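*Asks:* Compute the structure for the input listed below.
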Amino acid sequence: MESATRAMPTLSTFLLQSGGRTSQLALAGIEGRPTHVQRRTITATLVLLLAAAHALYGQSPELAGIAHVAFRVADLEKSRQFYEQLGFEKAFEFDDAGKVTQQFIKVNNHQFIELYPRTQESQLLGLMHVCFEVADIGSLRGAYIKQRLAPTETRKFRAGNLLFVLHDPEGQLMEYTQYLPGSLHASDRGKHLGENRVSEHLQAAAIPIKDLALERTFYVNKLGFSDRGSTGTELRLPGNSGEEIELRLAAPSAKSQIVFSVSDVKITAEALRRSGLAPYVEQGEVRVRDPDRTLVVFRSRRNDQKP
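*Replies:* Prediction:
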């Protein structure tokens, strides 16, 4: 299904659905050839009809972009140091009873990497969830409910932003957040933006799945994502961010993956080597693994992507 904006009927479509020109005049209480004043009455009536159509179809389920990716890590300090080698800085963290429970690594003013330490051996390492930023979380939640989805109630969480969660058909957690003035994220605007960041933009995150057809139908038909290529596994977020998710079949050997966009792959590889990492080039991309074997990919920026 296309996004609600694209699904909104055009003026001509709506008029046809209203029964054509005769029905329009009848709605305005007019018979025969309309006068100038009557035409203005018709126009006002149509405006009201279109407003009703907007209310019927709801707000567009567009997303502002990827807000964060969250990882469970074996060693919080080693993971933080790895991202520092990429030029990213820790913006803030949470602790309970003197133990750090969550760190926020900053990519740019809107994108973060959240690190959670493993507290039990049974906890799987790697990607926990992807969080999407939205401009109007209430409208988005309403649009999802109209799609017969089951988002949780919107709440303000510890960092001071609004958030609700949703689960995909396989139970994978998805988060949606709206940054609020005064939140930790908003208060950190312009700060912790390392001068040596290898990239300034998180372009994509890979989501592990078992059933490609099921998950793809969910993302496209229910959430308004669209195909980026011909494989059906790379999906673009609804909206103008140009950011993506990649559906990857889960397997025992499969690892989490995130993708950063860069202007020059060769320069990026050199910068990673200077920072003490061991990148390798594969399929025209620069790749390096974090301490938990998550694959971090640096891909040349396309013309339709953010800088």
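*Asks:* Low-confidence ranges, the protein, go.
*Replies:* 1-60, 252-253, 302-307 (pLDDT under 70).
*Asks:* at 50 instead, please
*Replies:* 1-28, 30, 46-59 (pLDDT under 50).
*Asks:* For it, which segments count as helices?
*Replies:* Under the criterion DSSP state H, helices of the chain are mapped to 4-7, 11-17, 20-27, 36-57, 76-85, 137-146, 184-187, 212-217, 265-274.
*Asks:* Would you map out the domains in this protein?
*Replies:* Here the domain parsing of the chain from automatic domain parsing is 4-57, 65-300.
*Asks:* Check these for me and report the most buried one.
*Replies:* Across the domains of the chain, averaging neighbours per residue (mean count of other CB atoms under 10 Å) puts domain 65-300 on top, at a mean of 17. (Glycine included, C-beta is placed from N, CA and C.)
*Asks:* show me what contacts residue 80?
*Replies:* 90, 103, 105, 115 (CB atoms under 8 Å, 6 or more residues apart in numbering).
*Asks:* The last one bridge partners, please.
*Replies:* With DSSP bridges as the criterion, the beta-bridge partners of residue 115 are residue 71, residue 103.
*Asks:* you'd agree it is up against residue 106?
*Replies:* No. Residue 115 lies out of contact with residue 106 (CB atoms under 8 Å); the separation is 11.9 Å.
*Asks:* ranges for the strands of the stretch 151-300 of the chain?
*Replies:* Assigned by DSSP state E, counting those that start in this stretch, the strands in the stretch 151-300 of the chain fall at 155-156, 162-167, 173-178, 202-209, 226-227, 234-236, 244-249, 257-262, 280-282, 285-289, 295-300.
*Asks:* can you list those strands in JSON lines and add distance to residue 147?
*Replies:* Below are the strands of the stretch 151-300 of the chain laid out as JSON lines (distance: least, CB to CB, whole Å):
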{"stretch": "strand 155-156", "distance to residue 147": "21"}
{"stretch": "strand 162-167", "distance to residue 147": "10"}
{"stretch": "strand 173-178", "distance to residue 147": "14"}
{"stretch": "strand 202-209", "distance to residue 147": "19"}
{"stretch": "strand 226-227", "distance to residue 147": "16"}
{"stretch": "strand 234-236", "distance to residue 147": "16"}
{"stretch": "strand 244-249", "distance to residue 147": "18"}
{"stretch": "strand 257-262", "distance to residue 147": "27"}
{"stretch": "strand 280-282", "distance to residue 147": "38"}
{"stretch": "strand 285-289", "distance to residue 147": "35"}
{"stretch": "strand 295-300", "distance to residue 147": "31"}
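*Asks:* Ok, which of the ones you listed comes nearest residue 61?
*Replies:* strand 173-178 (10.1 Å; CB to CB).
*Asks:* who's in contact with the closest one?
*Replies:* 63, 67, 128-137, 140-141, 151, 161-168.
*Asks:* and if we set it to 6 Å?
*Replies:* For strand 173-178, contacts defined as CB atoms under 6 Å, 6 or more residues apart in numbering pick out 67, 129, 131-134, 137, 161-166.
*Asks:* Repeat that for stretch 105-119.
*Replies:* Residues from elsewhere that reach stretch 105-119 (CB under 6 Å, 6+ apart): 68-74, 76, 79, 83, 88-91, 102-104, 189, 192, 200, 202.
*Asks:* Only alpha carbons, please: show that stretch as CSV.
*Replies:* C-alpha atoms of stretch 105-119 as CSV (Å, rounded to 0.1, in the frame of the first residue of the first chain):
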residue,chain,number,x,y,z
ILE,A,105,26.7,7.2,20.7
LYS,A,106,26.0,10.1,18.5
VAL,A,107,26.1,10.0,14.7
ASN,A,108,24.5,13.3,14.0
ASN,A,109,21.8,15.5,15.7
HIS,A,110,19.1,13.1,14.8
GLN,A,111,20.8,9.7,14.7
PHE,A,112,22.3,7.7,17.5
ILE,A,113,23.6,4.2,18.3
GLU,A,114,22.3,2.8,21.6
LEU,A,115,24.5,0.3,23.4
TYR,A,116,23.1,-2.0,26.1
PRO,A,117,25.4,-4.3,28.1
ARG,A,118,24.6,-8.0,28.3
THR,A,119,23.5,-8.8,31.8
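*Asks:* How far away from the center of its chain is it?
*Replies:* Centre-to-centre, stretch 105-119 and its host chain are 15 Å apart (CA atoms, centre = their mean, to the nearest Å).
*Asks:* cool, and stretch 171-181?
*Replies:* Averaging C-alpha positions (CA atoms, centre = their mean) puts stretch 171-181 9 Å from its chain's average.
*Asks:* Now do that stretch: distance from first to last residue.
*Replies:* In stretch 171-181, first residue to last residue: 32 Å (CA to CA, to the nearest Å).
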